[in-house]
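Trainee: please work out how this folds:
(chains A and B)
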Amino acid sequence: MVKRVAKDSVSGDEVDSQSLNENGKRPGDVPATETKKRLRTKSLYRQPTANELNRLQETENLFNSNLFRLQVEEILQEVQVKEKTEKKFQEWFTEFKNHLLSIPEDDTEYDLTEPTLAKKLKVKIPVGDELAKTKCMFRFHKFTDVQIVGSYAIGCSISSKLCINLQITVPADTYTKNDSINYRYHKKRAAYLAFIASHIKTHESVTDINYTCLNGSRTKPVLDVTPSGKLNKYLTVRINLMCENEAYKLHRFSPLRNNLREAWLFGEESADNTEVGPPTPYYNSSVLQDLTASVNQEYLKETLVNRENLKQAVVLLKIWVRQRNLQISGHVISLLVAHLVQTKRINNIMSSYQIVRNVWIALKTSEWDTKGISLYKGENTPSLEEFHQHFPVVFLDKTGYYNICWQMCKGTYNALRRESALAVDMLDNGKINSFLPLFMIPVKPLMQFDQILRFKNFQNLKDSVLAKLPKPAKLNYGVDELALVTDSLHELLAKGLGDRVDLILPMAEADFSWSVKVKPEKARKDSYKEGLSFGFILNPENCLNIVEKGPPANLPEAEQFRAFWGDKSELRRFQDGSITETCVWDADSLADRRGITAQIVDYLMNIKFDVKPSELFHIGSQLESLVSRKQYSAQCEESSVEVLRAFDDLRRDVRQLQQLPLDINAVYGVSPVFSYCEPTPALPRRPLNKPWRRGNASLVKEIIREDGTWVAPEYTPVCKAVIELGHSGKWPGDIQAFRALKAAFNLQIAERLHKQYSLPTQAYPSHIDVLKNGLVFRLQIAHPKEITLLRKETENGVAKFRETDESIQLQCETVLMPRLRGALHGLHQKHPAFGPTACIFKRWLCAHLLSPPHFPPTLAELLVAAVFLHAHPLSPPTQPTAGLLRVLRLVAETDWAREMIVLDFNEDMKREEIMELESQFAAREPQTPKIHIVTAYDGDLPSAWSADAPSTQVLARVRTLAASTLKYFSNALLDDMKDNVLAAFVPSLAGYDVIIHLHSQLVPYTHERVDRPALLKPIGEGESDVIPVIEFHPVEKYLDELRSAYEEFALFFHDSYGGEVIAVLWKPDIAETKEFQLLNANALKPVTTRGEVKYKVNIEALVEDFRILGEGLVKEIVVN
Amino acid sequence: MKATKRVHDFKALELKLTEDSVSPHTIYIKEHAVREHTPDKPSGRTLFIVNLPPYVDEKGLSNAFRDAGTIQTVQLACKPHDLDKSQTNKFIQEELKSTFKVAYLVFAKVAQLDKALKLAELRPLNSEEHKIKLGMSKWIEEHNNSVIMPKVLKEQVERFMKKHDEAAKNTEKKEKALEEEDDEGWVTVTKRGKVQSFARSEKVENKIMAKEEKNKKRKELKNFYTFQIRESKMKHIVALRQKFEEDKKKIAQIKQSRRFKPF
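Mentor: Next up is the predicted model:
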């Protein structure tokens, strides 16, 4: 042990000296041998070296925490490009460059409208037919240099999917003065690219070359080269064409200038052809990008070169952005860092952590959409206002003419800003290891968004949108239609949804790569599918509003409001006396209200772009049908509210009871329904016809139909609550007497409730049943002394207190549960999607036959709570469907052998406590995977709710099921766009040994199954003076008997929400021969093999027992 | 080899629920023979049965062994020797768990036991007069039985409390008696006696120990000697180092489970 510690410390110091080097503050050239010698003799108590002290100090000052620092170091090492690769690339590049520079001059002039050039080069020119009408003559001028640019040149590239950018500067002679208009520049550029492609296509250092269009900009292709040899496993090379600065004056492309003539684009031959049209900043930027590239590249180099901490920060930011799948290039990030260096907000003396943090803070508070930033410090360039008029996001480059974010949609910028805010929050949250959610966990659209909008036929949609857009906009975007459609749809959605959404992120699938030998049109038709979807993150406060309040009717804004909303807008008078234009959406239930966003989108798309709702596909409400009782068409949430209301009344009644020996201090609800987590909440029952009664309770009648089947009363659940009595020292010190006294209390409370409020009540030894508003509540007296009595045992005359199974159970039920239930109720109030998500998750678990006790219901609720409390790196979901997906991912992707979850509902736990719990968990034996969730209320029983179940096997099964369900959802929703995904809730019965089929009329909730048609029944109403038959659940009773009798031979699986089958799985050792022992003779039968008597489990008899025990309930038993 | 020997003491028989049961369980019977016999399991007349299926009840078992002779009592238990833990002093009686059981059958005469041991076949559990309640009918009965009239419950409570009070009084009396000098002049010290002693529980003991510890600590001087100051500084560094080591272990763990590949 000592040896190991010493070794660890050595490596610690090595890291230390290395990092000092990186910081560039002090050369850590302590000879390694000397260090080792010194340390070998010393343990934890050795004298600290200056280096070590420095490092400890630094960690405290410069980094979030030690752990964070170590993790940053690890990840940076991981993404670093390997030296071997670098060397190989350098060799390859030298050869490749030589070859490129040997490209022959060509003095011929080609007419680009003719196919002669393409024929000669034997590669196609990578521009589409849209530009066919542009006429220009092209002549190839040889370039002088090939440069490595981009992140690889600066040294902040990421080794995974490494793409090295090469830049070839096209000589200014290639372009004439007038080439800047009508895509002539682009066409020539493409021809130039084809020249290069043709030159390298047969060279041995290249295995494959493709044209690629980035971000859907069709007019500016680049050349993707796959290097030959082993190198292509690690990287690809991208050749980009730039333009010499001298070619054009930059002010020709300032945002107010027009460079794309209307006549050209719309093909109109009007008389005044020379007239200059509206400004085309988007088109201008596409040229400016090439013109300004070298200036910006130089500037980046100057700022970042040899500044390791800045580079590290850029790498970290790039990882962060890539995990979030944002359309933001590394170039923009580097320039942003450069900008912050320029404004002196960060510098290289800061640690990478501090830089990253400062960048996030700067982003969080930035307003590039209204107050853009600029790297250019001089004057005489177009003002920022000009840019703001034409671009949604403004970030000007070193020249002051080029908007680096010209292609960025406002949604993307908002996402960036939002993610930065979340990142800062995560860093500030000391209770989580913020590193993982920040850099390691990928953010997937299906998890991230509450709702996703997709289009069933994107081409049609594009056409209908384009048909409605004004000309100047079309002119600005030129042939880049996707960008235009994206921006206009985003604008519409953002305006229409307003504060209902926190974020609308457009997600375009627009990168397109094709072989150099194929014409772009053909390739596009064959293999390219353009796609666009919008992700919505809803605002939890506003997204459920039914009413959209507009401006008062007498203001001029009212007219605009009416114009925007069309017929939906109407005048309404509100309670506060205001009369305003208003839109009112249809929604009766909470579930409907969650669908309002989709309703608005459907409506707007229809009136603005004439797109029918059937063309749109919304992901987000597919599982809503599972949060209602099909049979009664009652929504779970509304029913739960009813129960809570009745319970509140009852609670008031109970607390005002008089003539009791002890006061009733408090009444707490413990059933899941009190936190909206019950998929089948109790519904009011209609009074019974002529019930058999004893006291105030009904009895079950034995009714057998003529065909021999039994009839059972409809299952009625009770809602459980615990009662806390006032303090008294007079409770007996004997557990049995204690219980007898409790029974006496039950009698009295029942009697008083009946007398004072004339409620039907029935007392039992352990509880009281009360009927209130047609719902049955079960009250149980809780007293801490009972738990103490159960724990007590005497040893050597000393009373000691030890946990027993019984005491733990009682503590969970009467002490922990009320508090937890309260906390979960609070959680639902804060996040209204919590309850429905828990319902769906429970349904899912049970649908796969993992009903309690295999997977305890409380644990399921806690897992769902974890998704809402620890949503990092996302924000808590507002839709149950998104919630379920996240729970499934939590279950499937967490490494349960190593990770535990701490649920701290109200920030009660200290960081030290959590660390203590974590180290306890890490030290547990054996280290098998196990769900371990500790809540702030667990006290002495950490992870009380997951102590026994699920077993390792069940957990493994849940994980595989969750993973495959997720896969199914992602296929069905994202790819197939199916609305009915309930197939994920139908179990597979394959793999079980015995299937017991039950008579469905005796199975409670059987009408709630997803594969059953709904049979409507009215909800009962009316007062009754007798409690109906409650908690009579034949299937549960049967399962209890089976489990208690045969748990050593088999496992029993069932769906508690109406499952008509019980699936039985024999234990693996069932067929083995056994020893006969007096205490272990159960179910054995003698078998004679080769004259010897052996014993085996009598499986046939067991199966017959299943039939015998389930008489009247079992329909059929199938042995597989 | 011991095990096989013991098996031979038992005789295997098939026990059917009804005449037409297809695959019945095999039960094992032998004479109940222990060193000390209790009156409820008299020597020579008691038959010991193991591996009885969960649904067996007393009457059914009598039915099965009807051919051997009159059966005085049938005692069912989950495990052998489990009977002694009587439930008589429990307020809420627990149901016998549904599981495989053992039984002790007491015959009226010794000869009947011999006859029973020689039986080649048993009668089914169900007979004309008695059918074991199973499935739906059993659950309905159970459910209905659980509903008690308030009056009955009240009586139950009163009866139990009366018994309990009496028992409590008895023990108190006994304790009082202990306080008196016994023959050799010893006095037992109890909670209620003249000589007050503290409650003997773990909690109280811990409290006393904690108090002692505290007193000891109070007398100590801290930050007085140079070595103490030096040590406390060292301790701070050690704590930091320990944290560092712990974090490194955590990193190793994360490395193992999630590798540091972000993509």
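Trainee: thought A:Leu741 was touching B:Met161?
Mentor: Yes: look at A:Leu741 against B:Met161 with C-beta atoms under 8 Å: they come within range, at 7.5 Å. In this view, the C-beta of every residue, glycine as well, is placed from N, C-alpha and C.
Trainee: neighbour-wise, which of those two wins?
Mentor: For A:Leu741 versus B:Met161, the count of surrounding residues by other C-beta atoms under 10 Å in any protein chain shown is larger for A:Leu741: 21 against 17.
Trainee: what sits against the more buried one?
Mentor: A:Leu741 makes contacts with A:731-732, B:157, B:161, as judged by C-beta atoms under 8 Å, 6 or more residues apart in numbering or on different chains.
Trainee: if you rank those residues by neighbours, which is first?
Mentor: Result: B:Val157 is most packed of the contacts of A:Leu741 (other C-beta under 10 Å), 21 neighbours.
Trainee: pass me the low-pLDDT residue ranges in chain B, would you?
Mentor: Under the criterion pLDDT under 70, the flagged ranges of chain B are B:1-8, B:81-89, B:189-200, B:257-260.
Trainee: ranges for the strands of it?
Mentor: Along chain B, counting by DSSP state E, strands occupy B:11-15, B:25-31, B:46-52, B:71-77, B:101-107.
Trainee: need those in JSON lines (columns: mean neighbour count and distance to B:Lys59).
Mentor: Shown next, in JSON lines, are those (neighbours: other C-beta atoms under 10 Å in any protein chain shown; distance: least, C-beta to C-beta, whole Å):
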{"stretch": "strand B:11-15", "mean neighbour count": "17", "distance to B:Lys59": "14"}
{"stretch": "strand B:25-31", "mean neighbour count": "21", "distance to B:Lys59": "16"}
{"stretch": "strand B:46-52", "mean neighbour count": "23", "distance to B:Lys59": "13"}
{"stretch": "strand B:71-77", "mean neighbour count": "17", "distance to B:Lys59": "8"}
{"stretch": "strand B:101-107", "mean neighbour count": "22", "distance to B:Lys59": "12"}
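Trainee: mind putting the ones you listed into a markdown table with distance to A:Glu702?
Mentor: Compiled in a markdown table, these are given as follows (distance: least, C-beta to C-beta, whole Å):
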| stretch | distance to A:Glu702 |
| --- | --- |
| strand B:11-15 | 28 |
| strand B:25-31 | 28 |
| strand B:46-52 | 27 |
| strand B:71-77 | 26 |
| strand B:101-107 | 27 |
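Trainee: which one of these lies closest to A:Lys842?
Mentor: Nearest to A:Lys842, of all these, is strand B:101-107, at 35.9 Å by C-beta to C-beta.
Trainee: so A:Asp979 makes contact with A:Gln622?
Mentor: Yes: with contact defined as C-beta under 8 Å, A:Asp979 counts as touching A:Gln622 (6.3 Å).
Trainee: tell me which of those two has more neighbours.
Mentor: A direct count of neighbours by other C-beta under 10 Å for A:Asp979 and A:Gln622 places A:Gln622 higher, at 21 against 13.
Trainee: am I right that the more buried one sits in a strand?
Mentor: No: secondary structure of A:Gln622 (DSSP: H, G, I helix; E, B strand; the rest coil): coil, not part of a strand.
Trainee: can you pull the phi/psi pair for it?
Mentor: With angles defined as degrees, to the nearest 10, A:Gln622 sits at phi -60, psi -30.
Trainee: now do it against chain B, distance only.
Mentor: As defined by C-beta to the nearest C-beta, to the nearest Å, A:Gln622 lies at a distance of 29 Å from chain B.
Trainee: kindly report the same for A:Phe195.
Mentor: Distance of A:Phe195 to chain B, given as C-beta to the nearest C-beta: 35 Å.
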